[in-house]
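Novice: can't give you the sequence, but here's the structure:
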């Protein structure tokens with residue numbers, strides 16, 4: 001009827017900030033702009049002025065600053081703003097997002113605690129807060145929430161995981177400082193879980209911990225739990241990744257290349273070959289590394305086949 005209802009500019013190398021004129025798109029329902037280089041603060045004031053807005057997908061951009069008042073986003077069902085450089089805390093005003101089903105704020109620099117009001121959002125089924133600097137504990141209110149997917153890996157959360165928490169699909173809790181025993185209620189749910197290796201768990205599918213050694217340590221001084229043998233399905237030589245990258249990280253990149261038919265990726269990304277990849281930075285590259293660790297992989301649209 002002559003009204004714009006959807007914008008999809010995912011992966012078009014957009015730069016700059018989102019213009020205030022977007023408020024004139026009063027029938028806009030979805031805005032997809034993942035995988036660009038959009039900067040500035042997240043324009044929540046613009047989104048608040050769009051009464052039909054249902055989905056916001058802005059993952060993997062260059063947003064900075066804090067999240068402002070979210071209370072008027074009552075129609076939004078999905079909001080993805082992961083993979084930027086947002087700071088500050090998750091605002092308590094998230095309680096106004098009463099229709100939210102899928103909230104993704106992973107891979108930022110968010111601090112503070114997870115607001116208890118998130119657990120009271122009636123439709124929230126998926127919550128992705130991994131790879132931030134969040135502290136505090138998971139409130140017991142999460143045990144009665146509608147969540148079925150929860151990822152809080154790689155933060156600084158403490159305390160115990162709520163004893164009656166139930167998730168239908170998965171829960172990722174590793175690389176935090178949780179203590180105690182993994183809840184028996186979760187073990188009866190049939191989902192998959194990843195936890196810290198020192199957490200007592202009888203049903204977890206895997207465990208993970210942040211390495212406690214310096215990337216500059218020689219291989220002979222590294223902990224024995226870093227594999228020294230390479231599985232037979234990997235290339236016979238280790239990937240030619242930047243020398244600062246840990247050997248365990250190199251092994252993972254080699255496995256990814258081998259398992260997804262790397263020689264036939266199209267287009268062929270720069271820096272990849274039969275022996276691995278080269279860390280080439282976040283602006284144009286497919287592999288980004290920080291202090292010897294791979295922090296980002298972007299292989300969007302390279303026609304990978306196989307399994308991860």
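Specialist: Looks like it came in fine. Only a predicted model underlies this, so the values are computations on that prediction, with no experimental measurement involved. Numbering: from 1, shown residues only.
Novice: the stretch 151-300 of the chain: helices as residue ranges?
Specialist: Along the stretch 151-300 of the chain, the stretches classed as helices by DSSP state H, counting those that start in this stretch are 184-187, 247-259.
Novice: those: which one's closest to residue 19?
Specialist: When these are compared by Cβ to Cβ, helix 247-259 sits nearest residue 19, at 37.9 Å. Any C-beta I mention is one placed from the backbone N, CA and C, and that applies to glycine too.
Novice: quick check: the gap between residue 198 and residue 159.
Specialist: 15 Å (Cβ to Cβ, to the nearest Å).
Novice: higher neighbour count, the two?
Specialist: residue 159 (14 against 11; other Cβ atoms under 10 Å).
Novice: wait, the more buried one sits on residue 135?
Specialist: No. The criterion here is Cβ atoms under 8 Å, and residue 159 misses it with residue 135 at 10.4 Å.
Novice: show me what contacts residue 108?
Specialist: 81, 82, 83, 84, 85, 86, 87, 131, 132 (Cβ atoms under 8 Å, 6 or more residues apart in numbering).
Novice: now residue 56
Specialist: So residue 56 contacts 31, 47, 76, 78, 79, 80, 81 (Cβ under 8 Å, 6+ apart).
Novice: one more pass at 10 Å, please.
Specialist: The contact partners of residue 56, by Cβ atoms under 10 Å, 6 or more residues apart in numbering, come to 30-33, 42, 44, 47, 50, 73, 76-81, 104.
Novice: sec struct for it, please.
Specialist: Here residue 56 is recorded as strand under DSSP: H, G, I helix; E, B strand; the rest coil.
Novice: related to what we said a few turns ago, can you tell me which of the contacts of residue 108 are buried?
Specialist: If you count burial by 16 or more other Cβ atoms under 10 Å, the buried members of those come out as 81, 82, 83, 84, 86, 131, 132.
Novice: how about the second one, nearest residue that isn't a chain neighbour?
Specialist: Setting aside the residues directly before and after it, residue 82 is nearest to residue 106 in space (Cβ to Cβ, 6 or more residues apart in numbering), at 4.1 Å.
Novice: secondary structure element for the one you found?
Specialist: Assessed by DSSP states H and E, residue 106 sits outside every helix and strand.
Novice: just for the chain, where's the confidence low?
Specialist: Within the chain, the ranges that satisfy pLDDT under 70 run 189-190, 209-251, 271, 273-276, 278-285, 290-292.
Novice: ok, now which ones touch the residue most central in space within it?
Specialist: In the chain, the centroid-proximal residue (Cα atoms, centre = their mean) is residue 106; its distance is 4.1 Å. The contact partners of residue 106, taken as Cβ under 10 Å, 6+ apart, are 59, 80-84, 127-132, 151-155.
Novice: where do the strands sit along the stretch 151-300 of the chain?
Specialist: Here the stretch 151-300 of the chain has its strands, by DSSP state E, counting those that start in this stretch, at 158-159, 170-172, 177-178, 192-195, 206-207, 287-290, 293-297.
Novice: and these: which comes nearest residue 252?
Specialist: For the strands of the stretch 151-300 of the chain, the distance to residue 252 is smallest for strand 293-297, at 7.4 Å, taking Cβ to Cβ.
Novice: returning to what we had before: now the contacts of residue 108 as JSON lines including distance to residue 295?
Specialist: Output for those, formatted as JSON lines (distance: Cβ to Cβ, whole Å):
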{"residue": "81", "distance to residue 295": "18"}
{"residue": "82", "distance to residue 295": "13"}
{"residue": "83", "distance to residue 295": "10"}
{"residue": "84", "distance to residue 295": "13"}
{"residue": "85", "distance to residue 295": "12"}
{"residue": "86", "distance to residue 295": "16"}
{"residue": "87", "distance to residue 295": "17"}
{"residue": "131", "distance to residue 295": "8"}
{"residue": "132", "distance to residue 295": "13"}
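Novice: closest one to residue 255 out of the residues you listed, please.
Specialist: Nearest member of those to residue 255, counting by Cβ to Cβ, is residue 131, at 20.9 Å.
Novice: many thanks, we can stop here.
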